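**Q** Here's my sequence, what's the structure:
(chains A and B)
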Amino acid sequence: MKKGRIKVMQGNEACVEAAILAGCRFFAGYPITPATEILEGMARRLPLVDGFCLQAEDEIAAIVAVVGASWGGAKAMTATSGPGFCLMQEGIGMAASVESPCVIVNVQRGGPASGQSTSTAQGDLYQARYGSNGDYSLITLCPSTSQEMFDHTIRAFNLAERFRIPVIILSDEVVAHIREKVFIPDPDELEIVGRKKPTVPMEEFIPFQAGEDGVPPMPAFNTGYKIPVISQAKGPYGTRGTAKEAEVFIRRLTAKVDRHIAEFAEVLTYGDERAETTFVTFGSVCRAARSAVDIARERGFAIRSVEVKTLWPFPDDLLRSRLEGAKRIVVAEMNLGMLRNEVQRVIRNPEIEIELFSKIGGLYPQPQEFLRFLTEER
Amino acid sequence: MNPLGEKYLRKDFLPFLFCPGCGDGMIVRAFLEAVDELGVIDDLALAAGIGCSAWIPVYIHADVLKILHGRAIPAAIGLKATRPSRRVVVFTGDGDGLAIGGNHLLHAARRNIAITVVVVNNQIYAMTGGQVAPSTQMGARTQTTPYGNLEMPLDACKVATAAGATMVSRWSTAHPKALTRTFKRALNHKGFALVEVISQCPVQTGRYILGSGASHFNLQWIKDHCVPVDDPSKMGEVEAQGKIPLGDFLRVEKAEFMEEVQRMNQKVKETRFKGGDR
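**A** I've put the predicted structure just below:
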C-alpha cells in the first residue's frame, strides 16, 4: 500500500497539487473559464516552493514564457481553455520544434470561438493534435476524474521530460469542477522523471544529435554548453538545416514519440470484457458511460465501455485489441464525431458500423440517454 | 578576423546572413565590446524572434533561444525568472518588437523585470522584402505603401518610457562608442532597459525610401538625420526639425521585479510556516 492522504478536490485543484509534487516550479497563464482555478492555485502554491507564477499578458506570452523557463532548467506548465488554446498553438509547435519539455492543460469548454464559457464540451481533439503548422508529434492525456487529473498531471511531466515534448492534458469543464476524493501519495512514493542531460564536455556536445531513442540530451542555459536553439528546421549543430537535414529532423521529431507509443498508450475497459455491445469514450463522458454500463448490466445486458486515456498519438493497435469481439460500437462524445473518425480509421470491418452518440450544446449526457440510444430504432 | 570575433563568434555559423552594408554586424561588434569589457559572456542568455536583427545573437557563442516572430520577450522572462542572475538580452527589430510583439514590450517594461531589449530600427520589414513597419516615416513608399505611408510612426523610446521602463536610450550604428557604453550600462541595469539602435538597411530602406542602396549613403543619412541630445527635454526641438533625437533619455532606480518576487516568496514562506497552515 502506498502511503499518502486523501483530500476532496476538484480536477483543477488536483492538477495544481500534482504539478507541485511533480516538480513544476514555473507556471504562466492567463485567466479563462473554466481553467482559472489552476492559475489561481499555482499563484498560491508556487511561492511556497521558491517557484514563480506569471499572469501573462495573453496566452501567447504564457506558452512562450513556459518554453523560456524550460530552457532555463525548470519544469514548467500552463493551463487554458479553447480560445486560449487557439492562441497557444504557435507556441506549442515551437515547443515541439525546439524540443522543450512542458505541460499544457486545456480545460475544454463549448466552441467555436468564445462558445460557451461555463459549459462542458470535447471539441478540441484535433486542435490538440494538429493545431500548429507542419509535422510534429506530442502526447495528449484525457482524465475523467479528479484522481485521474492528479495521476495524469504527474505522468504528463514525466512524459514531457522523457521525450522532450509538450504534453497536453485534455480536460473539460466537468472534470475541472467536480469535487471528489483524491488519493495523494507521499512524495517519496511517486516516480518522478527528469530530462536527460549531456554527459560529454561542451566542446564535444552536438545539441540536436540524438541516440537510438531519438531524444537528444538537454542542457539548461548558463550551465556552460552555450548552445544555439532556433525554431527553424535544423541540423544536428543547430544551424538552419539543408533539405536533407530538415527531413531527418522532422522525421526524428515525430518518430521519437510515435515509435514509443507502447510505453505510454492506455485504453481501459469497464464492464464485460468481451461484450458485443461497447461504448468508446474519453474524458468526462467515461463517467456517464460507466453509470449506463452499470444500469444495463443490472438489467442483464452484457455491455462495456472502452475508455481512451491517451488520445494522441492515437493508440491504434491497443484500441483494436481492446475492441475485439465487439459487434456494436457506439462512440460517445461531446462533439460531432471527432473520436468516431479515429475509431472508424482503426476498425476497418465492413460488418461493423461505428455509431455516434453525440451530445453538444453544453449539457452533460445522462446515463439514461446512453441506454435510450442503444434501444432506439434507427 | 577581429580578435573579438575570434573570441566570441560561433565560427561554424559564419558567414553572416546580413546583406552587404547592413548595420547588424556593427551592432554585433558594439555588443561584444560591451560584453568583453564587463567579462559577462558566461552569464548571457540571449533571446530573439524573427527578422534580420533576430539573427544577431545566433552568431554569438552563448546560450541563445531564437523563436517565433515577436515572442522573444516572454521567453526572456521565462529565462530570467528561472535564474535571476542571468543577464538576459533580447534582440528584436521594429516589426518584431513594435508590431507583432508590441504587447509583450509594454508588459515587460511595466513589470520592470531586469532584461535588456535591443530594438534595431531600420524603418522597414527588411527580411520579407521591404514592407511598411510601425517605425516607417509618413509618406514613405514601400512595397505595401506604394502610394505613400499614411500611418504615424511609433517611437519605441517614448512607448517604453510611458510603459514603465527604467532605462531608455537611443543611439545609432553611426555612434558605435556610445552604443557600446549604453550596452554596458544596460547589461548592469537593475530593471527593464530598452536600447533602440537606428540602423541602416541599404537594400530595402535605402533603395525604396531614401533613394540609394549605397552603403556610405545610408550611413551618411543616419549621421545627417540623427542628433544626439544631452537633455531629454530637447527631444522635441530635434523632432520639430524632422530629425531623430539620440541619447540616454532615462535611467532611474526602481524595485526590480525578480528581486521583489524573491522578497515576497521569502516573506510568504516565513508567515505560512509559522502558522503551520497549508
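**Q** what residues does the stretch 51-200 of chain A put near chain B?
**A** A:52, A:54, A:56-58, A:60-62, A:64-74, A:76, A:90-91, A:94, A:98 (CB under 8 Å from any CB of the partner chain). Using the backbone N, CA and C atoms, a C-beta is placed for each residue, glycine as well.
**Q** Out of those residues, which sit inside helices?
**A** Within these, residues falling in helices by DSSP state H are A:60-62, A:64-71, A:90-91, A:94.
**Q** closest to chain B among those?
**A** Chain B lies nearest to A:Gly68 out of these, by CB to the nearest CB, at 2.4 Å.
**Q** what's the lengthiest helix in chain A packed up against?
**A** For chain A, the longest helix by residue count, based on DSSP H, is helix A:146-163. Judged by 3 or more CB pairs under 8 Å, 6 or more residues apart in numbering or on different chains; DSSP states H and E, the packing partners of helix A:146-163 are strand A:4-10, helix A:11-22, strand A:75-80, strand A:102-108, strand A:139-141, strand A:166-172, helix A:173-177, strand A:179-185.
**Q** Name the residues of that helix that come out as buried.
**A** Across helix A:146-163, burial judged by 16 or more other CB atoms under 10 Å in any protein chain shown covers A:146-163.
**Q** With stretch A:354-374 instead?
**A** A:354-360, A:362, A:364-365, A:367, A:370-371, A:373-374.
**Q** Could you point out which of these is nearest to chain B?
**A** A:Gly362 (31.4 Å).
**Q** thinking again about what came up before, so which of the helices and strands packed on helix A:146-163 is nearest B:Leu187?
**A** For B:Leu187, the closest of these is strand A:75-80, at 25.8 Å, according to CB to CB.
**Q** other SSEs contacting that closest one?
**A** helix A:11-22, strand A:24-29, helix A:36-45, helix A:59-71, helix A:82-97, strand A:102-108, helix A:146-163.
**Q** Number of residues surrounding B:Met138?
**A** Counted with other CB atoms under 10 Å in any protein chain shown, the neighbours of B:Met138 add up to 11.
**Q** Just list the residues touching the closest residue to B:Gly129 other than its chain neighbours, thanks.
**A** Excluding the flanking residues, the one nearest B:Gly129 by CB to CB, 6 or more residues apart in numbering or on different chains is B:Gln143, at 6.1 Å. Counting by CB atoms under 8 Å, 6 or more residues apart in numbering or on different chains, B:Gln143 touches B:Gly129, B:Gly130, B:Gln131, B:Val132, B:Tyr208.
**Q** Let's have these in JSON lines, adding distance to B:Phe13.
**A** Shown next, in JSON lines, are the contacts of B:Gln143 (distance: CB to CB, whole Å):
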{"residue": "B:Gly129", "distance to B:Phe13": "23"}
{"residue": "B:Gly130", "distance to B:Phe13": "26"}
{"residue": "B:Gln131", "distance to B:Phe13": "27"}
{"residue": "B:Val132", "distance to B:Phe13": "31"}
{"residue": "B:Tyr208", "distance to B:Phe13": "29"}
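**Q** so which strand or helix has the residue in chain B that chain A sits nearest to?
**A** Closest residue of chain B to chain A, CB to the nearest CB: B:Gly78 (2.4 Å). Per DSSP states H and E, B:Gly78 falls inside helix B:72-82.
**Q** angle of that helix against helix A:82-97?
**A** 80 degrees (axes from the mean of the first three to the mean of the last three CA atoms, to 10 degrees).
**Q** what about helix B:72-82, distance to the chain center?
**A** 15 Å (CA atoms, centre = their mean, to the nearest Å).
**Q** what's the answer for stretch B:163-180, then?
**A** 9 Å.
**Q** If we go by neighbour counts, what in that stretch is buried?
**A** In stretch B:163-180, counting by 16+ other CB under 10 Å, buried: B:163-175, B:178-180.
**Q** Please apply the same query to stretch B:4-24.
**A** For stretch B:4-24, using 16+ other CB under 10 Å, the buried residues are B:Tyr8, B:Leu9, B:Arg10, B:Phe13, B:Phe18, B:Cys19, B:Gly21, B:Cys22, B:Gly23, B:Asp24.
**Q** among the residues you listed, which are in reach of chain A?
**A** Within the buried residues of stretch B:4-24, those near chain A by CB under 8 Å from any CB are B:Arg10, B:Phe13.
**Q** Now secondary structure and pLDDT too, for the buried residues of stretch B:4-24, in a markdown table please.
**A** A markdown table is the format used below for those (DSSP: H, G, I helix; E, B strand; the rest coil; pLDDT from 0 to 100):
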| residue | secondary structure | pLDDT |
| --- | --- | --- |
| B:Tyr8 | helix | 98 |
| B:Leu9 | strand | 98 |
| B:Arg10 | coil | 96 |
| B:Phe13 | helix | 95 |
| B:Phe18 | coil | 97 |
| B:Cys19 | coil | 97 |
| B:Gly21 | coil | 97 |
| B:Cys22 | coil | 98 |
| B:Gly23 | coil | 98 |
| B:Asp24 | helix | 98 |
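**Q** Turn the buried residues of stretch B:4-24 into JSON lines, including distance to B:Glu260.
**A** JSON lines is the format used below for those (distance: CB to CB, whole Å):
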{"residue": "B:Tyr8", "distance to B:Glu260": "33"}
{"residue": "B:Leu9", "distance to B:Glu260": "36"}
{"residue": "B:Arg10", "distance to B:Glu260": "35"}
{"residue": "B:Phe13", "distance to B:Glu260": "38"}
{"residue": "B:Phe18", "distance to B:Glu260": "39"}
{"residue": "B:Cys19", "distance to B:Glu260": "43"}
{"residue": "B:Gly21", "distance to B:Glu260": "44"}
{"residue": "B:Cys22", "distance to B:Glu260": "39"}
{"residue": "B:Gly23", "distance to B:Glu260": "36"}
{"residue": "B:Asp24", "distance to B:Glu260": "35"}
